[in-house]
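**Q** mind looking at a prediction? Sequence and model below.
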Amino acid sequence: MPFLNRRGPVPEPPGERYPVLMETALDAQNATARKGLGARFRPGMLEVCANPGCGSGWLHLWRSRSAPIFEGGWSCSAECTAARMLAAVSRELDGRVSAGEGHRHRIPLGLLMLRQGWITQDQLRMALKAQRAAGTGRLGYWLVRQRAVSEPTVTRALSLQWSCPVLSLEKHDAVGLAAVMPRLFVEAFGALPLRLAAGRLMYLGFEANLDPVLALAIERMTGLRVESGLVQESLFRPAHARMLEARFPSVELVEAVSGAAAAHALARAVERARPIASRLAGVHNCLWLRMWMRPQHGPLPESGSVLDLVCSIGGQ
Ligand SMILES: [Zn+2]
């Protein structure tokens, strides 16, 4: 890891199961970019500034800075951090369109259940009529209410619709998984982190609609593989409420008028906190910056060792 190189060899504690901080795809991208710097990069001795447009040359060797580290690279000055942050913000904002394109066409729930033979035409018609009259509630809710099907059957149909598993709440680790993302995302996107498997796979539950954009952002940020699935509605709600009571990493919310303003605010936060690692990931209409203040020894950061910053961009 770059920050370990600069600070001299730090032996891993015996029996350590995880690297100090797992490299993610973002860090790999950064390492590839640095290869292009050729002779200026001297691994293990002196790190070159990760800003490709850095104008300070070898002057930075006299600057006494070992942090901040952003996306696996060190920047020699606040200006270089700002330039790198601006590039990262542009990358995330440009990537939003392609992330949305992953949306697949899904067969309507009523039609799916009809084809499975789980409901009749009449039951579907009745439920749609009740839904229209009430002007609220999902079709599944009305089908259950009219006793056409059971709640687990609706969840099963939703899982077929999304081609995803139905997840159980067994071994739900609300306390341990609160470090996976800001509380704001759990609340706003209706996500329920459920449990870790083998230290590298996280099960993420949703009530009725999966959120592939959020799942991808978590994968990129944590290096964990995320398996999304649906949780039966009546079980989801109390578990989600319990999850929201857990202790989450501290978060700062920032509103910016443009991508450039967001980059400016995020770069300032990185310069101020001087994290030993930090990463940026776009999630819907916000940017999520996570800063590690201490090395991470497990699959997730310890409570209090990371700071999150969520930046929304005005008018988007
Ligand atoms: Zn520089």
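**A** Yes, it's here. Numbers count the residues shown, from 1 in each chain.
**Q** ok so residue 148 is a strand residue?
**A** No: per DSSP: H, G, I helix; E, B strand; the rest coil, residue 148 lies outside any strand segment and is coil.
**Q** what secondary structure does the nearest residue to it once chain neighbours are set aside sit in?
**A** Spatially, and ignoring its direct neighbours in sequence, residue 148 is nearest to residue 123 (3.9 Å; CB to CB, 6 or more residues apart in numbering). Heads up, the C-betas are built off the backbone N, CA and C, glycines and all. On the three-state scheme (three-state DSSP), residue 123 is labelled helix.
**Q** and residue 123, what does it touch?
**A** Contacts of residue 123 were listed using CB atoms under 8 Å, 6 or more residues apart in numbering, and they are 143, 146, 148-149.
**Q** which one of the residues you listed sits in the busiest neighbourhood?
**A** Going through those with other CB atoms under 10 Å as the criterion, the one with the most neighbours is residue 143, at 28 neighbours.
**Q** so what pLDDT did that one get?
**A** With respect to pLDDT, residue 143 has a value of 94.
**Q** give me the spatial nearest neighbour of it, chain neighbours excluded.
**A** Counting by CB to CB, 6+ apart, the nearest residue to residue 143 once its immediate chain neighbours are dropped is residue 127, at 4.7 Å.
**Q** name the next helix or strand downstream of the helix or strand harbouring the one you found, please.
**A** Secondary structure from DSSP states H and E places residue 127 in helix 121-134. Of the helices and strands lying after helix 121-134 in sequence (DSSP H and E), the nearest is helix 139-145.
**Q** what does that next one rub up against?
**A** The set of residues external to helix 139-145 that reach it, using CB under 8 Å, 6+ apart, is 109-110, 113, 119, 123-124, 127-128, 130-131, 134, 137, 149-151, 154, 157-158, 208, 233.
**Q** just the buried residues of those residues.
**A** Members of the contacts of helix 139-145 that pass the buried threshold by neighbour count (16 or more other CB atoms under 10 Å) are listed as 109-110, 113, 119, 123-124, 127, 130-131, 149, 154, 157-158, 208, 233.
**Q** can you map out the helices along the stretch 51-200 of the chain?
**A** For the stretch 51-200 of the chain, helices defined by DSSP state H, counting those that start in this stretch occupy the ranges 78-101, 109-115, 121-134, 139-145, 151-162, 174-177, 183-188.
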